[in-house]
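Asks: A structural model of the following input is requested.
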Amino acid sequence: MAKSEETSSSSSSSHRPWESYHTVYTNAKAGMDGVDKEKVQRVVYEMSKGSKYFENEERKEAYMRQKIENMRAQRAKLKATDLSYYQRVADKRISELEATRDLSRMWLHVDMDAFYAAVETLSNPSLKGMPMAVGRMSMISTANYEARKFGVRAAMPGFIACKLCPELIFVPTDFKKYTYYSDLTRKVFQEYDPNFMAASLDEAYLDITNVCKEKDITVGEVTEELRQNVYKATGLTCSAGVAPNRLLAKVCSDINKPNGQFLLANNRAAVMTFISSLPIRKIGGIGKVTEHILKDVFEIKTCDDLLQKSSFLCALFSPSSADFFISVGLGLGGTDAPQGRSRKSMSNERTFSATKDETLFHQKLVELAEMLSADMEKEGLHGRTLTLKLKTESFEVRTRALTLQSYICSSKDILKHASKLLKAELPVSLRLIGLRMSHFNQDKDGTLSDPTQRTLLNYIKPGDGNVKLVDEEHSDMKDDSESHCYSYTDPSHEHLKESNNNNEQVLEHNKLEDYECKYQIKENNPVENLMNFSEFDAHGTEIYSIKGRNQDQLTVIDFSDNRNRPSLSYHKDVLIWLEDYKCSICGVELPSSFFEERQEHSDFHLAEKLQVEEESRPSYKNFPLKNRMRQKEAAISQSKGKKKQKHSPSSGKHIPIDAFFTKTCHNL
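Replies: Residues are numbered from 1 along each chain as shown. Model (predicted):
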């Protein structure tokens with residue numbers, strides 16, 4: 001029976017190939033309920049066949065089918081005892097997640113109706129009632145509800161949209177205009193929740209729990225009032241959804257679009273009834289691929305099915321993915337206050353017809369840098385990691401990133417570094433460019449830190465045998481042409497030598513038992529290679545070094561225990577550039593031509609490693625090596641009666657950055 005069904009299905013797909021051609025364009029969207037999906041699918045297939053997009057979709061289809069087959073094979077291997085075990089695991093997680101349910105807050109999700117198209121209609125009333133799309137023949141940003149009746153929607157190529165709706169009117173995008181109206185809506189949102197969370201230009205999440213109590217009105221009345229105030233301020237309509245958490249609120253805002261609202265009662269019974277029959281594709285975070293895997297492998301179509309098949313989910317998905325699916329089945333979502341959340345990244349991107357025009361690329365970068373800078377300034381943010389996203393003519397997506405030594409925010413700085421990233425990729429034919437800034441100047445509690453805060457590099461002054469730490473602005477060094485090299489020798493040496501041109505100073509240094517330490521700083525050397533590691537000195541001691549051209553560039557510190565290597569060695573997790581692009585530690589991508597940025601990136605990881613190691617130590621006075629040194633010093637002082645034992649400064653909970661290396665040297 002199964003074979004005959006497969007044969008029938010195969011025969012059907014051969015005569016109707018578009019049925020097996022899954023695209024995002026056929027998924028339901030507000031205003032598309034009555035659309036002939038089969039017609040749309042057929043048109044998309046016929047218009048796309050043979051194109052770069054079609055080839056890319058075929059590659060993704062093949063990947064998805066392979067993934068489904070692999071999951072099916074894994075499911076077939078599960079025995080009854082396995083399923084029994086994973087059912088217990090799932091039941092435990094369901095109980096634990098259920099205990100986190102919070103029904104004390106009411107969240108409102110506001111979504112502007114066909115925002116870009118509505119703004120254009122407001123600017124040009126003659127477009128009212130006409131099928132219209134914002135964008136170009138290459139790509140549509142938004143379609144109004146009149147166009148959606150024909151199957152036209154956002155992210156669809158314009159030439160396909162014209163086939164579906166020959167009378168479609170195109171209007172070019174104007175993001176300055178959209179940003180202006182977005183700011184007007186946000187002023188209204190702020191009256192109801194000063195800490196509202198903007199998800200994009202046209203949507204936001206608001207916690208309206210407090211405003212309902214203050215005004216002593218119902219949730220429905222607050223929602224209606226907010227929507228009316230948005231219309232008064234902008235002349236635009238919006239839809240809203242209210243629920244006990246953000247995940248459900250977003251689903252609710254889509255139910256009565258356009259210009260409507262839906263309220264989900266604030267109790268568990270109402271939530272479970274609502275979520276049980278909800279299609280999984282309605283949930284943010286479940287995309288096309290995940291939807292097909294859940295359907296084709298586990299026969300999961302609704303959110304309630306996620307709970308019924310929870311044992312399979314725990315068996316074949318990662319714990320975090322399984323938790324997400326179970327949370328969806330329980331109707332759980334984010335309820336934490338915005339103050340407790342820190343912004344992780346900020347981004348924007350632009351799509352255009354495939355081209356090799358470098359002038360156009362630069363124009364897009366200028367536009368993106370200005371928008372990104374403006375968004376960051378609004379929230380008072382400065383970032384260190386800039387990522388460039390590129391989509392090639394063949395729909396290959398590339399990301400190139402760099403982590404800077406200092407925080408930036410200005411469009412000039414963003415454009416400068418973005419241009420360098422793009423230049424390394426040229427020549428290339430592109431259809432999309434995007435910029436993302438991350439690694440913001442925020443502490444763990446979300447508060448802003450000083451964007452001018454200095455790094456370790458600002459405090460290292462070569463040429464001092466004691467490795468003094470100074471502020472570079474007040475440094476009296478005038479000659480930066482010298483080349484310095486400091487080295488703490490291996491355990492067989494009893495002296496520390498400093499080489500500075502032709503001058504040598506010999507400093508007394510206690511012999512270090514069972515420890516070896518190599519510390520090198522090199523400046524003004526041509527940057528030939530990022531790293532020269534696994535070098536050995538005459539005594540067989542391994543040296544790790546990095547060459548740099550700046551006198552403030554720190555290289556590598558290696559504190560290694562011969563008996564138990566490598567508990568304190570940074571370059572045991574050695575930084576290398578995989579495929580000559582990707583950092584082996586964090587995955588950040590930097591072209592090989594970015595010598596200075598790569599050096600700064602290496603220094604950044606070094607500083608992180610050192611800080612973690614220092615914080616992980618119980619205290620300096622308990623360092624085993626130091627205790628041994630104290631015993632030796634005591635023995636020497638008793639026998640010779642000449643030297644007094646040195647007492648290290650008491651260790652506090654926090655170590656000032658400008659004393660970090662000095663303290664480390666004292667400990668050794």
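
Asks: and what about Ala117, helix, strand or coil?
Replies: helix (DSSP: H, G, I helix; E, B strand; the rest coil).

Asks: thought it was touching Met132?
Replies: Yes - using C-beta atoms under 8 Å, Ala117 is in contact with Met132, at 5.9 Å. For the C-beta atoms, the positions are set from N, CA and C on the backbone; glycine is no exception.

Asks: shared neighbours of the two, anything?
Replies: Common neighbours of Ala117 and Met132, counting by C-beta atoms under 8 Å, 6 or more residues apart in numbering, are 143-144, 147, 171.

Asks: so which of those sit within strands?
Replies: Residues of the shared contacts of Ala117 and Met132 located in strands (DSSP state E): 143, 171.

Asks: most neighbours out of the shared contacts of Ala117 and Met132, which is it?
Replies: Ala143 (30 neighbours; other C-beta atoms under 10 Å).

Asks: make sure Pro427 is actually in contact with Thr355.
Replies: No - using C-beta under 8 Å, Pro427 and Thr355 do not qualify as a contacting pair, with a distance of 11.3 Å.

Asks: so how far is Ala269 from the closest residue in space to Asn267 that isn't next to it in sequence?
Replies: Take Asn267 and drop its neighbours on the chain: the residue closest to it by C-beta to C-beta, 6 or more residues apart in numbering is Leu103, 6.5 Å away. Using C-beta to C-beta, to the nearest Å, Leu103 is found at 11 Å from Ala269.

Asks: the two: who's more crowded?
Replies: Legend: neighbour count by other C-beta under 10 Å for Leu103 and Ala269, higher for Leu103 (14 against 8).

Asks: wait, a helix at that one?
Replies: No - when three-state DSSP is applied, Leu103 is found to be coil, with no helix at that position.

Asks: so who does it touch?
Replies: Per C-beta under 8 Å, 6+ apart, neighbours of Leu103: 244, 266-268.

Asks: quick one, phi/psi of it?
Replies: phi -110, psi 20 (degrees, to the nearest 10).

Asks: quick one on the thing from earlier: output the shared contacts of Ala117 and Met132 as TSV; include the columns distance to Ala315 and pLDDT.
Replies: Listed next are the shared contacts of Ala117 and Met132 as TSV, based on distance: C-beta to C-beta, whole Å; pLDDT from 0 to 100:
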residue	distance to Ala315	pLDDT
Ala143	42	93
Asn144	46	93
Ala147	44	92
Val171	50	95
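
Asks: strands of the stretch 1-150 of the chain, start to end?
Replies: Counting by DSSP state E, counting those that start in this stretch, one finds strands in the stretch 1-150 of the chain at the ranges 107-112, 132-135, 140-143.

Asks: go through the ones you listed and name the closest to Leu83.
Replies: Using C-beta to C-beta as the criterion, the shortest distance between Leu83 and the strands of the stretch 1-150 of the chain is 36.3 Å, found for strand 107-112.

Asks: distance of Leu606 relative to Ile408?
Replies: According to C-beta to C-beta, Leu606 and Ile408 sit 21 Å apart.

Asks: quick check: of the contacts of Leu103, which has the highest neighbour count?
Replies: Neighbour-wise, the contacts of Leu103 (other C-beta under 10 Å) top out at Pro244, 26 neighbours.

Asks: from the shared contacts of Ala117 and Met132, pick the one nearest Asn259.
Replies: After measuring the shared contacts of Ala117 and Met132 against Asn259 - C-beta to C-beta - the closest member comes out as Asn144, at 12.9 Å.

Asks: excluding its backbone neighbours, what's nearest the closest one?
Replies: Here the nearest residue to Asn144 in space, its sequence neighbours aside, is Ala117; by C-beta to C-beta, 6+ apart that works out to 3.9 Å.

Asks: okay, the one you found: pLDDT?
Replies: pLDDT recorded at Ala117 is 95.

Asks: same question, Phe54
Replies: The model reports Phe54 with a pLDDT of 78.

Asks: what does the one 3 residues further on give?
Replies: Among the per-residue scores, Glu57 shows a pLDDT of 78.

Asks: any idea how far Lys49 is from it?
Replies: Separation of Glu57 from Lys49 (C-beta to C-beta): 10 Å.

Asks: swap in Gly235?
Replies: Distance, Gly235 to Lys49, using C-beta to C-beta: 43 Å.

Asks: swap in Met156?
Replies: In terms of C-beta to C-beta, Met156 sits 16 Å off from Lys49.

Asks: between these two, which one's more packed in?
Replies: Neighbour count, other C-beta under 10 Å: between Met156 and Lys49, Met156 has more, with 22 against 14.

Asks: surely the more buried one meets Thr142?
Replies: No - contact criterion C-beta under 8 Å: Met156 and Thr142 do not qualify, at 10.5 Å.

Asks: hang on, the earlier thing: closest to Ser318 out of the shared contacts of Ala117 and Met132?
Replies: Among the shared contacts of Ala117 and Met132, and counting by C-beta to C-beta, the member closest to Ser318 is Ala143, at 36.7 Å.

Asks: list the residues that contact the closest one.
Replies: Neighbouring residues of Ala143 by C-beta under 8 Å, 6+ apart: 114, 117, 131-134, 152-154, 156, 161.

Asks: if you rank those by neighbours, which is first?
Replies: That'd be Ala133 among the contacts of Ala143, by other C-beta under 10 Å, with 30 neighbours.

Asks: how is this protein divided into domains?
Replies: Domain ranges of the chain: 3-68, 80-100+270-330, 107-130+167-266, 345-436, 456-620, per automatic domain parsing.

Asks: in the stretch 201-350 of the chain, where is pLDDT below threshold?
Replies: For the stretch 201-350 of the chain, the stretches with pLDDT under 70 are 338-342.
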